[in-house]
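**Student:** got a structure for you, letters missing:
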């Protein structure tokens, strides 16, 4: 098990929270809530070690489009980058309704 942490600048406050996905065979869950400061914090707990650069690339792409100040917890059981992006986008859809 590996724990990765990332921080991204944010421009706007997000007031709600979201929970999408489930940890299971080849999947992940995303827990998203508002951040108390003007940045976004991401903590990834993954069962697959050695993919820091892949996680960073996916999160860099996500935060290039999303500018909300949030705390995100990702619990991963080996999801592909496409599933990671899908779950992040689903969480954003929930908080921006």
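**Tutor:** Arrived safely, thanks for sending. Since this is a predicted model, take the numbers as computed values, not measurements.

**Student:** Do you have the helices of this structure handy? List them.
**Tutor:** In the chain, the helices defined using DSSP state H lie at 52-65, 81-95.

**Student:** Identify each buried residue in the first one, please.
**Tutor:** If I follow you right, that is helix 52-65. For helix 52-65, a neighbour-count test (16 or more other C-beta atoms under 10 Å) marks 55, 58-59, 62-63 as buried. Heads up, the C-betas are built off the backbone N, CA and C, glycines and all.

**Student:** I'd like those residues laid out as JSON lines, including pLDDT and distance to residue 84.
**Tutor:** Formatted as JSON lines, the buried residues of helix 52-65 follow (pLDDT from 0 to 100; distance: C-beta to C-beta, whole Å):
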{"residue": "55", "pLDDT": "97", "distance to residue 84": "8"}
{"residue": "58", "pLDDT": "98", "distance to residue 84": "5"}
{"residue": "59", "pLDDT": "98", "distance to residue 84": "8"}
{"residue": "62", "pLDDT": "98", "distance to residue 84": "8"}
{"residue": "63", "pLDDT": "98", "distance to residue 84": "13"}
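
**Student:** which of those residues lies closest to residue 11?
**Tutor:** residue 63 (10.8 Å; C-beta to C-beta).

**Student:** Give me the spatial nearest neighbour of that closest one, chain neighbours excluded.
**Tutor:** residue 8 (4.2 Å; C-beta to C-beta, 6 or more residues apart in numbering).

**Student:** okay, the one you found: pLDDT?
**Tutor:** What the model reports as pLDDT for residue 8 is 98.
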